[in-house]
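Undergrad: please find the sequence and the predicted model below.
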Amino acid sequence: MYKLDLRPLLFEASRPGRFTAVLPASDVPDAPLTDLIPAEFLQDAPPPLPELSELDVVRHYTNLSSLNMSIDANFYPLGSCTMKYNPKRHERLASLPGLGAQHPYQDDSTLQGLLAILHGLQEDLAEIAGLEAVSLQPAAGAQGELAALLVAASYFRDQEPDRRRTQVLIPDSAHGTNPASANLAGFETVTVKSDSRGLVDLEDFKAKLSDEVAVFMITNPNTVGLFDPQIGEISRLLRERGALMYLDGANMNAILGVVRPGDMGADLMHYNPHKTFSGPHGGGGPGAGPIAVRAKLAPYLPAPIVGRREDGTYFLDDDRPKAIGRVRAFFGNTGVLFRAYCYIRTLGPDGLKRVAEHAVLNANYLLHLVKDVYPVPCGDRCMHEFVASCRSLARDRGIRAMDVGKRLIDYNFHAPTVYFPLIVSEALMIEPTETESRETLEAFAAALLAIAAEDAESLREAPFTTPVSRLDEVKAAKTPVLRWTP
C-alpha cells in the first residue's frame, strides 16, 4: 500500500534560475570548446541537473534523513546484530587529523602512531579471545569467516599434504554466512541438527564427525541466545580427529571478560567490531572483521601483520611466506578499528565484563516482560538475546512475526530480526544490548503487548506512519529501479 509522499524528488522540485553557488568569472581563454576538448567528448547540451536553492537542498535531505531510523534516535532490538550506542567521544577521536589525514602509501616510519594503535588492538583482541595471533585485515565479519577458513585450508594443506579434509560442520542454527563462507573457501558443508533445547545435538555431531572434517563452526552463545555447555566435549572430540573449531564471534557481547573462546577450545574466530566494540554500522560499510587464531595457525594469517621491532618501532610485516595473501587493500579499515581500540581502552577489563553482564541482564529482563504473550521456545533464561515466537499468535489470531515487526515502526521502534533462526517458527530475535535503559525496555515490551491485542486485519497494513507501507521486497531486490527518468 502506497501513501501520499509530499517530498518531491530534487528533479521534480527544480525551478529554472535557482542556484546554490556563485562562481567566479571564468579564467579560461575565450575560445571555442573544441579548441580545448575534442568534439567527440562534448555533449550537445548540458546535463539536465536540477536547479535549486541551497535551502531547497538542505531541507530536502534533512527531511529525508528524518525518515530513517538510527541508533541515536531509536531502539534497535535486532537480534545477532548488537545495535548498541556508538559513543560520540570515539567519533571525535577517530576524526583527529593524525588519524584521518594518514595515507596508506606513507612510509612506515611516518605512521608510527597509527601502527602503535593497530598493534595494541591486535594484542587486546588476542587477549580477549584467549588466542595468540590476530589479523586486522578482513573488511567484515563474513570476510573474517572466509579468511579464517582459508587459513585453516592452508594449514591442513601444509601439515597434512597426503590427505584432504573436505568438510565443514555447521549447526542448523548458524548464521547464513557460515555455510556461504565455507563454500567459498572450497569446503563441503554438513549440517548438524539442534536438539530440543536449541543446543548442538551431540549425537548427530558425533555421527557426522569424520576424518574428512576440517572445521566445526559454532556460535556460542548461539543464535537462540543460549550458551552451549557441551563446548568442552565438542572441542575434545574435534581434537581427537585433528579438526579445528571455529567460533563465530558475532555474539561476543555476551561473554566479554567472562570467558575466552580460546579457553573453550576455539582455534579460530572472528570479531565484529561494529557489534561488540561499538563501531558504527554505517549503512552497509565500511566494516571490519578481525580474526584471531592459535599460534600454530599464525603463519597462515593474511599479510601484512603489524609487527614491533626490538627498538620499539612498528612496521607492516609482509615477510610471511605461508600467508594466504591479502584479503583487503592496505591494512584494513583503520577508522572502524580505531573506534574499537578506543572502546576497549576506555572500558578496560572490568568495564568489558560489565558490558556482558548488563547485556545478559537486559535480555533476561525483556524476556520476562513478554514471554507470556510471546513464548520463548528455548527456555525462560537466555544470554544476550532471545528468540520469541509468534507461532501461537499466527495460529490463533492470524498475527505473524512480520506484522509485529512492521507495526513496531509506528511505535518508533525498529523491528527485531524476524524469521531467524530457522529452527524457531515465526521467530522474533530480540537483542536489547547493554546500552539501553530499563525505561526503554519496558516501553518496548508494552508496545509488543499492545500489538498482540490489535486487530489482525489492520496489522497486515502496518506501518501507518511511513510514506510507503508493505513493499514487494523480492521484486525490489530482483528488479530495483536505480535511476530517475522524467
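TA: Perfect, I can see it now.

Undergrad: not counting its neighbours along the chain, what's nearest residue 98?
TA: In space, and not counting its chain neighbours, residue 98 is closest to residue 113: 6.0 Å by C-beta to C-beta, 6 or more residues apart in numbering. Placement of C-beta: from N, CA and C, glycine included.

Undergrad: what do you get for residue 195?
TA: That would be residue 201: by C-beta to C-beta, 6+ apart, it lies 4.3 Å from residue 195.

Undergrad: if we can go back for a sec, so the residue nearest to residue 98 versus residue 120, what's the distance?
TA: Using C-beta to C-beta, to the nearest Å, residue 113 is found at 11 Å from residue 120.

Undergrad: so residue 317 touches residue 308, yeah?
TA: No: counting by C-beta atoms under 8 Å, residue 317 stays clear of residue 308, with 9.5 Å between them.

Undergrad: just the strands in the protein please.
TA: Listed in chain order, the strands of the chain (DSSP state E) span 133-135, 167-171, 188-192, 213-218, 244-248, 268-270, 291-293, 305-308, 314-317, 386-389, 417-418, 427-430.

Undergrad: so for the residue nearest to residue 98, what's the pLDDT?
TA: As predicted, residue 113 sits at a pLDDT of 93.

Undergrad: what count of nearby residues applies to it?
TA: 12 (other C-beta atoms under 10 Å).

Undergrad: next, work out how far apart it and residue 465 are.
TA: The gap separating residue 113 from residue 465 is 47 Å, by C-beta to C-beta.

Undergrad: likewise for residue 185?
TA: From residue 185 across to residue 465, the span is 44 Å (C-beta to C-beta).

Undergrad: these two - which one has more neighbours?
TA: residue 185 (20 against 11).

Undergrad: okay but that one is in contact with residue 142, surely?
TA: No: counting by C-beta under 8 Å, residue 185 does not reach residue 142; the two are 11.7 Å apart.

Undergrad: need the overlap of contacts for those two.
TA: Listed as contacting both residue 185 and residue 142 by C-beta atoms under 8 Å, 6 or more residues apart in numbering is no residue at all.

Undergrad: picking up where we left off before, who are the neighbours in contact with the residue nearest to residue 195?
TA: When contacts are counted by C-beta under 8 Å, 6+ apart, residue 201 touches 192-195.

Undergrad: now a PyMOL select for only the buried ones of the residues you listed.
TA: For the buried members of these, the matching PyMOL selection, counting by 16 or more other C-beta atoms under 10 Å, is:
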select buried, resi 192+194
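
Undergrad: possible to save the contacts of residue 201 as JSON lines with pLDDT and distance to residue 401?
TA: Listed next are these as JSON lines, based on pLDDT from 0 to 100; distance: C-beta to C-beta, whole Å:
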{"residue": "192", "pLDDT": "98", "distance to residue 401": "25"}
{"residue": "193", "pLDDT": "97", "distance to residue 401": "23"}
{"residue": "194", "pLDDT": "96", "distance to residue 401": "19"}
{"residue": "195", "pLDDT": "96", "distance to residue 401": "23"}
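
Undergrad: okay, and which of the contacts of residue 201 map to helices?
TA: Within those, no residue falls in helices by DSSP state H.

Undergrad: how far away is the nearest residue to residue 149 once chain neighbours are set aside from residue 214?
TA: Spatial nearest neighbour of residue 149, excluding adjacent residues (C-beta to C-beta, 6+ apart): residue 185 at 3.8 Å. The gap separating residue 185 from residue 214 is 9 Å, by C-beta to C-beta.

Undergrad: so how far is the helix or strand of the chain with the lowest mean pLDDT from its chain's centroid?
TA: In the chain, the helix or strand scored least confidently by mean pLDDT, DSSP states H and E is helix 33-36, which has a mean of 80. Centroid separation for helix 33-36 versus its chain: 50 Å, with C-alpha atoms, centre = their mean, to the nearest Å.

Undergrad: try stretch 252-272
TA: Centroid separation for stretch 252-272 versus its chain: 17 Å, with C-alpha atoms, centre = their mean.

Undergrad: kindly report the same for stretch 197-207.
TA: Using C-alpha atoms, centre = their mean, the offset of stretch 197-207 from its chain centre is 27 Å.

Undergrad: mean confidence for it?
TA: When pLDDT is averaged along stretch 197-207, the result is 97.

Undergrad: likewise stretch 354-364?
TA: Averaging pLDDT along stretch 354-364 gives 98.

Undergrad: likewise stretch 399-417?
TA: Here the average pLDDT along stretch 399-417 is 97.

Undergrad: one more: stretch 47-58?
TA: Mean pLDDT, stretch 47-58: 91.

Undergrad: and the end-to-end length of that stretch?
TA: 22 Å (C-alpha to C-alpha, to the nearest Å).

Undergrad: please begin residue numbering at 6 from this point
TA: From this message on, residue numbering opens at 6, which makes the last subject stretch 52-63.

Undergrad: would you mind pulling the contact partners of that stretch?
TA: Residues outside stretch 52-63 that contact it (C-beta under 8 Å, 6+ apart): 15-16, 18-25, 65, 491.

Undergrad: Serialize these to TSV and add fields for neighbour count and distance to residue 475.
TA: Listed next are the contacts of stretch 52-63 as TSV, based on neighbours: other C-beta atoms under 10 Å; distance: C-beta to C-beta, whole Å:
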residue	neighbour count	distance to residue 475
15	15	27
16	14	27
18	17	27
19	15	31
20	10	34
21	5	38
22	5	41
23	15	36
24	10	40
25	12	37
65	17	26
491	5	28
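
Undergrad: distance to residue 318 for those residues - can I get that in a markdown table?
TA: As requested, the contacts of stretch 52-63 are arranged in a markdown table below (distance: C-beta to C-beta, whole Å):
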| residue | distance to residue 318 |
| --- | --- |
| 15 | 51 |
| 16 | 55 |
| 18 | 56 |
| 19 | 56 |
| 20 | 60 |
| 21 | 61 |
| 22 | 60 |
| 23 | 56 |
| 24 | 53 |
| 25 | 48 |
| 65 | 50 |
| 491 | 60 |
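
Undergrad: where does the stretch 206-355 of the chain have low pLDDT?
TA: 287-290 (pLDDT under 70).

Undergrad: change it to 90
TA: Residue ranges of the stretch 206-355 of the chain with pLDDT under 90: 279-280, 283-292, 308, 334-338, 340.

Undergrad: need the helices for it, in chain order.
TA: 207-213, 236-246, 266-269, 278-281, 339-375 (DSSP state H, counting those that start in this stretch).

Undergrad: and the third one, which residues are buried?
TA: For helix 266-269, a neighbour-count test (16+ other C-beta under 10 Å) marks 266-267, 269 as buried.

Undergrad: packing partners of it?
TA: helix 236-246 (3 or more C-beta pairs under 8 Å, 6 or more residues apart in numbering; DSSP states H and E).

Undergrad: let's go with 10 Å and repeat that
TA: Using 3 or more C-beta pairs under 10 Å, 6 or more residues apart in numbering; DSSP states H and E, the elements in contact with helix 266-269 are helix 117-134, helix 236-246, strand 249-253, strand 273-275, strand 296-298.

Undergrad: partners of the fourth one, with directions?
TA: Here strand 273-275 has these sheet partners by DSSP bridges: strand 249-253 (parallel), strand 296-298 (antiparallel).

Undergrad: filter the contacts of stretch 52-63 down to the ones in helices?
TA: 15-16, 18, 65.
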